[in-house]
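*Asks:* Generate a structure from the sequence data that follows.
(one chain, ligands or ions: 1)
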Amino acid sequence: MPEPYAPGLRRPPEPDPYTAGLPPAAAPKPYSPDELRALDRAHVWHPYGPMPGRQEPLVVESASGVRLRLAEPIEGQRELVDGMSSWWSAVHGYNHPVLNEAARGQLDRMSHVMFGGLTHEPAVRLATRLVEITPEPLQHVFLADSGSVSVEVAVKMCLQYWRSAGRPDKRRLLTWRGGYHGDTWQPMSVCDPEGGMHELWSGSLPRQVFADAPPDGFDAEPDPAYVGHLRELIAAHADELAAVIVEPVVQGAGGMRFHSPGYLRVLREACDELDVLLVFDEIATGFGRTGTLFAAGHAGVSPDVMCVGKALTGGYLTMAATLCTSRVAEGISRGEVPVLAHGPTFMGNPLAASVASASVDLLLGQDWESEVARIGAGLRSGLAPAADLPGVVDVRVLGAIGVVQLDHEVDMAAATRAAVREGVWLRPFRDLVYTMPPYVTGDDDVRRICRAVCAAAREG
Ligand SMILES: *Cc1c(COP(=O)(O)O)cnc(C)c1O
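*Replies:* Model prediction:
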């Protein structure tokens with residue numbers, strides 16, 4: 001048998017190479033919730049947070065089904081029904097036996113290997129599955145390690161496509177206001193430039209072309225004036241535009257607004273006529289959340305490039321994907337630099353890819369459309385009373401997304417407390433109290449979430 005270890009390196013002793021010779025591992029002393037919070041405040045950044053932290057995060061001990069178990073009772077509650085699906089991702093709930101098994105099985109084979117020069121079944125299986133379930137023209141998959149990176153890759157693909165085609169001036173992006181595409185540099189440049197969380201950087205980011213926000217209402221007829229505005233703006237900038245990038249049907253973290261799928265058809269037509277690529281960011285909307293498997297399905301159109309993430313791994317691990325058409329891929333490969341120069345260290349991570357494939361199979365192996373419709377119906381009836389609350393300007397539901405919009409900035413601490421008192425975890429922002437429950441949420445828990453949203457809207 002060949003010696004697997006280089007001479008000079010000590011070969012780990014058998015039979016248990018990792019623990020032999022070490023003193024028995026002492027389990028670290030658990031922190032009390034108070035210690036944990038103090039260390040957290042001193043050392044750990046949280047999303048969109050200051051340092052040191054000023055809020056009092058709840059300490060979660062474990063999670064199972066749709067419930068988060070806290071380290072100590074708050075407002076009399078030790079368990080909270082998760083109304084957020086951990087930011088759109090945990091669609092099957094927590095600690096799911098099928099996803100656990102996928103992770104465990106892969107863990108015993110390998111957690112990770114580099115993706116340069118190597119490949120493996122988990123990544124190939126997932127990419128093939130994504131090609132199968134997304135619109136037909138999308139044939140090639142870049143496995144990224146987060147949603148923001150998948151958007152960076154989408155932008156790089158589009159810019160490089162035009163550079164390779166001998167049109168390097170086509171390097172700006174057009175989007176509509178009210179969007180959110182992530183927190184790294186290119187994605188920030190296409191987030192809503194006003195009132196959005198990246199306003200601070202407006203002067204430093206690449207300057208993109210912004211259309212007005214799409215008119216509200218999923219069921220509203222497309223507004224001819226707005227359609228004209230979109231077409232004119234794309235036409236006026238076509239020579240410098242690499243792509244139009246939008247979130248289809250639902251603008252998420254930019255304001256939880258819904259628009260007519262008709263505008264997506266308008267974008268598709270205009271982009272075809274004017275030689276501009278079209279990118280759909282389906283990171284929030286993908287995997288059934290809006291009632292169709294992908295939101296583009298409401299419009300029956302296919303983009304040239306599409307990003308998915310969030311629910312891709314059922315909320316287990318960080319992974320996203322950028323899909324593109326053969327036209328885009330072949331265009332890039334014809335250029336003077338015929339490669340896509342992007343390759344994250346953890347690209348195609350086998351653990352994440354295995355769980356993602358299991359999550360997609362779990363979703364498609366059930367009548368997910370009925371589950372999403374059931375939750376939508378529960379949200380519609382449970383949130384209706386919110387329309388009569390003082391300070392509420394709109395209540396809207398699409399797919400398994402429920403939104404209550406206020407006429408003022410939410411008092412986050414008061415709203416969170418009100419929801420926790422009802423036994424529910426919510427994370428309102430700006431003037432919005434909203435929920436997108438896991439698809440496995442039972443009817444009683446959907447009603448409970450609705451009571452919590454109403455309480456948060458009343459007290460926030
Ligand atoms: C969350 C989100 C992103 C960013 O994804 P991360 O994984 O947080 O980097 C991008 N686009 C949309 C539409 C999102 O909802």
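
*Asks:* Give me the pLDDT for the residue in the stretch 1-150 of the chain that the ligand sits nearest to.
*Replies:* Nearest to the ligand, among the residues of the stretch 1-150 of the chain, is G147, at 2.1 Å (Cβ to the nearest ligand atom). Every residue, glycine included, has its C-beta placed from N, CA and C. On the pLDDT scale, G147 is placed at 98.

*Asks:* ok, now which ones touch it?
*Replies:* G147 sits next to G182, I283, C307, G309, K310, A320 when contact means Cβ atoms under 8 Å, 6 or more residues apart in numbering.

*Asks:* now R451
*Replies:* Residues near R451 by Cβ under 8 Å, 6+ apart: G382, E422, V424.

*Asks:* repeat that with 10 Å
*Replies:* Neighbour list for R451: G382, L383, P385, A418, A419, R421, E422, G423, V424 [criterion: Cβ atoms under 10 Å, 6 or more residues apart in numbering].

*Asks:* same deal with Q139?
*Replies:* Taking Cβ under 10 Å, 6+ apart as the contact definition, Q139 lies against V131, L323, C324, T325, S326, R327, V328, A329.

*Asks:* could you redo the last one with a cut-off of 8 Å?
*Replies:* Contacts for Q139 (Cβ under 8 Å, 6+ apart) come out as V131, L323, C324, T325, S326, A329.

*Asks:* can you give me the helices in this structure?
*Replies:* In the chain, the segments counted as helices under DSSP state H are 33-43, 85-88, 97-109, 121-133, 147-164, 185-189, 224-237, 262-274, 326-333, 350-364, 368-383, 412-421, 443-459.

*Asks:* Quick check: which of those helices is nearest to P390?
*Replies:* Across the helices of the chain, P390 has its closest neighbour in helix 443-459 (8.2 Å, Cβ to Cβ).

*Asks:* Now do that closest one and helix 412-421, the angle between them.
*Replies:* 150 degrees (axes from the mean of the first three to the mean of the last three Cα atoms, to 10 degrees).

*Asks:* which of the contacts of R451 are buried?
*Replies:* G382, L383, A418, A419, R421, E422, G423, V424 (16 or more other Cβ atoms under 10 Å).

*Asks:* Pull the contacting residues for the fourth one.
*Replies:* By that I understand A419. Contacts of A419 by Cβ under 8 Å, 6+ apart are G83, W425, L426, A452, V453, A455, A456.

*Asks:* ok, 6 Å please
*Replies:* By Cβ atoms under 6 Å, 6 or more residues apart in numbering, the residues touching A419 are L426, A452, A456.

*Asks:* Then the first one?
*Replies:* Applying Cβ under 6 Å, 6+ apart, one finds that G382 lies in contact with R447, C450.

*Asks:* Let's see that with 8 Å instead.
*Replies:* Taking Cβ under 8 Å, 6+ apart, we find G382 in contact with G402, V446, R447, I449, C450, R451, V453, C454.

*Asks:* and the first one, what are its bridge partners?
*Replies:* Yep, that's G402 we're talking about. For G402, the beta-bridge partners are V397, T435 (DSSP bridges).

*Asks:* residues making contact with stretch 367-377?
*Replies:* Counting by Cβ under 8 Å, 6+ apart, 288-289, 291, 397-401, 437, 439-441, 443, 446 sit against stretch 367-377.

*Asks:* Sort out which residues of that stretch are buried, please.
*Replies:* Buried residues in stretch 367-377, counted by 16+ other Cβ under 10 Å: W368, E371, V372, R374, I375, G376.

*Asks:* of all the residues in the stretch 201-350 of the chain, which ones are close to the ligand?
*Replies:* When proximity is defined as Cβ under 6 Å from any ligand atom, the stretch 201-350 of the chain approaches the ligand at E247, G252, A253, D281, I283, A284, G309, K310, A320.

*Asks:* What does the first one show for phi and psi?
*Replies:* Spelled out, it's E247. phi -90, psi 120 (degrees, to the nearest 10).
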